[in-house]
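Chemist: how would this look folded up:
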Amino acid sequence: MGVLDLEQREWLKAQSVLEKATQIEPTIARALSALGMALGNQKKYAEAIVPLEKAVELDSASGWETHWSLAQSLVAVGRYEESAQVLREVLKKHTDGPEAATARRFLAKLAADGKIKGQ
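Modeler: Residues are numbered from 1 along each chain as shown. Model prediction:
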């Protein structure tokens, strides 16, 4: 239900359902990822980081959306190098395609803005 609420852009509803789901079963990467995205969509970036990091830890092959949401949340709270590392890890697995191009552009912008060293 939480993922459906997320798809329907019902962020608060999704957050509530997904918080309950992750309390019952705290090792389901997909639910943790969706919870992080629901929080991020509400601009609760600091809160979003914990479930997103846990989702990546549980499933390092988790989808691009999880990594992207984590990277954006980290930037929003000023953790630029950590954000860059998340995107670099994604680029190791996905060297081409739209995800890779987006990650490269984001890394280039962080570097150009002086937020990170190199790309």
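
Chemist: for stretch 58-73, what is the average pLDDT?
Modeler: When pLDDT is averaged over stretch 58-73, the result is 89.

Chemist: what about that stretch, distance to the chain center?
Modeler: Mean-position distance between stretch 58-73 and its chain equals 4 Å (CA atoms, centre = their mean, to the nearest Å).

Chemist: Just give the nearest non-adjacent residue to Val50, would you?
Modeler: Of all residues not flanking Val50 in the chain, Gly36 sits nearest, at 7.7 Å (CB to CB, 6 or more residues apart in numbering). For glycine as for every other residue, the C-beta is placed from the backbone atoms N, C-alpha and C.

Chemist: Pull up the gap between the one you found and Asp96, please.
Modeler: Distance, Gly36 to Asp96, by CB to CB, to the nearest Å: 26 Å.

Chemist: Comparing these two, which residue is more hemmed in?
Modeler: Gly36 (30 against 8; other CB atoms under 10 Å).

Chemist: Do a quick rundown of the helices in the chain.
Modeler: 2-7, 11-24, 29-41, 45-58, 64-76, 80-93, 98-112 (DSSP state H).

Chemist: Reformat these as TSV; add distance to Gly118.
Modeler: Shown next, in TSV, are these (distance: least, CB to CB, whole Å):
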stretch	distance to Gly118
helix 2-7	34
helix 11-24	35
helix 29-41	26
helix 45-58	22
helix 64-76	16
helix 80-93	9
helix 98-112	6
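
Chemist: Ranked by average pLDDT, which of those falls at the bottom?
Modeler: helix 2-7 (a mean of 78).

Chemist: contacting residues for the closest residue to Asp59 other than its chain neighbours?
Modeler: Distances taken as CB to CB, 6+ apart place Ala29 nearest to Asp59, at 3.8 Å, with adjacent residues excluded. Taking CB atoms under 8 Å, 6 or more residues apart in numbering, we find Ala29 in contact with Lys54, Ala55, Val56, Leu58, Asp59, Ser62, Thr66.

Chemist: Same check on Gln72?
Modeler: Counted by CB under 8 Å, 6+ apart, Gln72 has contacts Gly40, Tyr45, Ser83.
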